[in-house]
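Enquirer: My questions are about this predicted structure, shown below with the sequence.
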Amino acid sequence: MSKHSHNREIILLGLAPITKEVRGMWHKGYPVHQGETESSVNFATLYAHEKGIVPDQTLLQQEWLNFVDTLLKAGFHLHIVPFPDELNRPDSLYHDAVFIRDAGLIFRGIWIKSRFSVKDRIFEGEFHTHLIESKLGKTVVSLPEGAFLEGGDINYLETCQGSYYFGGLSRSNRIGHDFVREIIRPDHYILVESEGYHLDTVFTPVINADNCLVALIVTAGMLSPKSMQSIESLDVPVIEVSAMDSSGVEDELGEYAVNALIAPGVMVNSSYFTTPGVEDLLKELGIERYVTPLTSFRYAGGSVHCLTNELY
């Protein structure tokens, strides 16, 4: 058996088809979204909006196909769900729907449905839920009143040291995470305050081939001191990376390398880490690296982690 036989199952949303009315993904530019907090503004979309960036559809499609090939090479088993027709309309700018991570969390037989704090994205959640219910037969669980939760703010792992739940407090709140905690009952539960609009833009765990949590990569300068203390209390080595490996600094857009999909001994992202020494450390930990550029998606503030969702 190959060491990739863990057969990690991933769900993806296919690209929205090009029609007469809708000339491709983000064909009128990238919408700027903000959640409940000021730090939940998506810096990449703001950057793209200010610079008038519109993606080249040929490049976007090629990048997406290369991304799918890379996931297959890395040993993932993919379920590709067609993009919902209802969202591919000229009056609809909910194009962030391709980021299926944000719509919820699949845990055993259930789909814990996100509640978006970004009003423009609420419809996405409805359509993703319908797809997952009908295609995968999952039972939908809705959040209680007052709860906000987006999948990009959740990083859940089952490892040799037990299960870990990391929850971001950017576009999600404590009520939302506490509700999930009651369902999943993880061994370790850490809530993180950061300047990232989602946790997965500032943080990624690293798991070795034996399925042990061996490192946590964090954009330390973007996390609150209290959250850094919580993370350090886990006694797992912390690898600090610069803001350029996240969303960037001032008017310079980052690479979003930290937005990674991981599995035992594997990490897939859209760029090598630019912070000196990080790639050497990953090599020492025995992590097989796969890099698939996603420039068209980066301007929407999303990368490999955002485009994927695990079937736990």
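Expert: Cool, got the structure.

Enquirer: Which residues are in contact with the nearest residue to residue 175 once chain neighbours are set aside?
Expert: Sequence neighbours aside, residue 147 is the residue nearest to residue 175 in space, at 4.2 Å (criterion: CB to CB, 6 or more residues apart in numbering). Just so you know, the C-beta spots here come from the backbone N, C-alpha and C atoms, and that holds for glycine as well. Residue 147 makes contacts with 115, 173, 175, 176, 179, as judged by CB atoms under 8 Å, 6 or more residues apart in numbering.

Enquirer: just residue 83 next, same as before
Expert: By CB under 8 Å, 6+ apart, the contact set of residue 83 is 13, 14, 15, 16, 17, 97, 98.

Enquirer: Check residue 154 too.
Expert: By CB under 8 Å, 6+ apart, residue 154 lies in contact with 105, 165, 166, 167, 168, 172, 177, 180, 199.

Enquirer: Now the residue nearest to the fourth one when sequence neighbours are not counted: which helix or strand?
Expert: Same thing as residue 167. Using CB to CB, 6+ apart and skipping residues adjacent in sequence, the residue nearest residue 167 is residue 177, 3.8 Å away. Residue 177 is part of helix 174-184 when elements are defined by DSSP states H and E.

Enquirer: quick check, nearest of the contacts of residue 154 to residue 82?
Expert: residue 105 (21.3 Å; CB to CB).

Enquirer: what is that closest one paired to in the beta sheet?
Expert: Judged by DSSP bridges, the bridge partners of residue 105 are residue 112.

Enquirer: Verify the contact between it and residue 180 for me.
Expert: Yes - using CB atoms under 8 Å, residue 105 is in contact with residue 180, at 6.7 Å.

Enquirer: if I look at those two, which residues touch both of them?
Expert: With CB under 8 Å, 6+ apart as the test, residue 105 and residue 180 both reach 112, 154.

Enquirer: List the neighbours of the stretch of helix or strand residue 190 belongs to that are in contact with it.
Expert: Using DSSP H and E, the element containing residue 190 is strand 188-192. By CB under 8 Å, 6+ apart, the list of residues contacting strand 188-192 from outside reads 162-169, 174, 177, 181, 199, 203, 223-224, 227, 230-231, 234.

Enquirer: For the next helix or strand along the chain from that strand, the averaged confidence score.
Expert: Downstream of strand 188-192, the next assigned helix or strand under DSSP H and E is strand 203-207. Averaged across strand 203-207, pLDDT comes to 98.
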